[in-house]
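K.L.:
any chance you could fold what I've pasted below:
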Amino acid sequence: MARELFDFYRQGAAEAGRTVTEDKLGFLICAVTADTKARALRSRAALRVAHGADLAGADRVLLPVGMRSRAASQFALKARSVLLSKMTYEELVDNYYIVAGTPDEVADRFARVRRELGIGHLLLEAQESRMDHATTMRSIELMGKSVIPAMARL
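P.N.:
Numbering: from 1, shown residues only. Modelled structure (predicted):
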C-alpha cells in the first residue's frame, strides 16, 4: 500500500510540474532487533499490550474516524483488505508492517523498504509500547552499532 501511495504522490507532483526525489521522502517503520530472531520476535507481547490483545488499537490509531475521505478509505481497503487486528504477528512482520530480527535481517529489510518505496529517509520507531528496558536498550544498541552503519553504506 505504501508503494502505491508514494507512486500516487509522485504522479500528482509530476502533473503539477514537480519532480519528487527520494531525498524528499521518508517513511516511519516500527522495528526491533536482538541478538537472535527469536528474541526479536518476542516483542510481539509488547505490541499486543500497546494495541490490545487483538491489535484492535492499531486499527483505531491508523483509521481514526473523520481522518480519511471516502476515496482514501476505499484506496486503503483496496490495498489492504484485512485489518491489522486480523493479522497474526508473523503476518505483520512478513508484510513489513513491523520489522523484527537480527541486525543483519533488519538492515536487509530496511534496504528493501528504501529500494521498493524509492525513499531517502527511514524514520525509526525503535521501541514498541511496553518493551522492557533491557530489551529496548539492547535493540537501540544493535541499531546503532550494526543496522545504522549498514544503512549508511548503501
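K.L.:
let me know the helix or strand that residue 134 is in.
P.N.:
If you go by DSSP states H and E, residue 134 is part of helix 133-142.
K.L.:
tell me how far residue 13 lies from residue 6.
P.N.:
Distance, residue 13 to residue 6, using CB to CB, to the nearest Å: 10 Å. For every residue, glycine as well, the C-beta is placed using N, CA and C.
K.L.:
more neighbours: which of these two?
P.N.:
residue 6 (18 against 13; other CB atoms under 10 Å).
K.L.:
buried stuff in the helix or strand just after the helix holding residue 134?
P.N.:
Next in sequence after helix 133-142, counting helices and strands by DSSP H and E, comes helix 148-152. The neighbour-count check on helix 148-152 (16 or more other CB atoms under 10 Å) flags 148, 150-151 as buried.
K.L.:
same question for stretch 126-138, mean pLDDT?
P.N.:
Stretch 126-138 shows a mean pLDDT of 79 in the predicted model.
K.L.:
typed the wrong thing, it's stretch 110-123
P.N.:
For stretch 110-123, the mean pLDDT works out to 93.
K.L.:
so how far is the first residue of that stretch from its last?
P.N.:
This stretch, stretch 110-123, spans 10 Å end to end (CA to CA, to the nearest Å).
K.L.:
who touches that stretch?
P.N.:
Contact with stretch 110-123 is made by 2-3, 6, 10, 21-29, 31, 96, 99, 147, 150-151, 154, as judged by CB atoms under 8 Å, 6 or more residues apart in numbering.
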